[in-house]
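Novice: sequence first, then the predicted structure, then my questions.
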Amino acid sequence: MSNKLTSFKEFGRFREQRRNSEIERDIVLAEERVRTIHTNLVNLVHETQQLVNTLGDGAQRELAAAAANNKITDQESLCRLTKI
């Protein structure tokens with residue numbers, strides 16, 4: 001019967017292995033989140049650059065500033081902004 005019981009030393013080793021695998025999993029998930037955030041930021045910078053290149057002076061820049069400051073919330077206005 002005693003052969004089937006897990007010793008404290010072995011239990012401690014199992015617990016440490018589980019803890020290490022949980023830490024590794026958390027690291028992988030965090031790295032994936034960082035990659036996603038980086039990709040989103042790169043795309044945002046690229047889209048902003050395209051928008052700046054498309055827009056001229058005056059009213060178009062004011063419209064872009066309004067969109068950037070969340071003063072334009074309707075989809076139609078934002079679509080018009082990108083078609084200018």
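Specialist: Yep, it's here.

Novice: for the residue minimising distance to the centre of the chain, helix, strand, or coil?
Specialist: Using C-alpha atoms, centre = their mean, the residue of the chain that lies closest to the mean C-alpha position is Ile37, 2.8 Å off. Three-state assignment for Ile37 (DSSP: H, G, I helix; E, B strand; the rest coil): helix.

Novice: show me where pLDDT drops low in this protein?
Specialist: 1-3, 52-53, 55-61, 72-78, 80-84 (pLDDT under 70).

Novice: those helices in the chain, which residues are they?
Specialist: Applying DSSP state H to the chain gives helices spanning 8-54, 59-68, 75-83.

Novice: tell me the most buried of the ones you listed?
Specialist: Of the helices of the chain, the one with the most neighbours on average (mean count of other C-beta atoms under 10 Å) is helix 59-68, at a mean of 14. All C-beta spots, glycine's among them, are computed from the backbone N, C-alpha and C.

Novice: now Trp6: how far from Gly12?
Specialist: For the record, residue 6 is Thr, not Trp. Using C-beta to C-beta, to the nearest Å, Thr6 is found at 10 Å from Gly12.

Novice: whoops, I mixed them up, Glu32
Specialist: 31 Å.

Novice: repeat that for Ala67.
Specialist: Counting by C-beta to C-beta, the gap from Ala67 to Gly12 is 58 Å.
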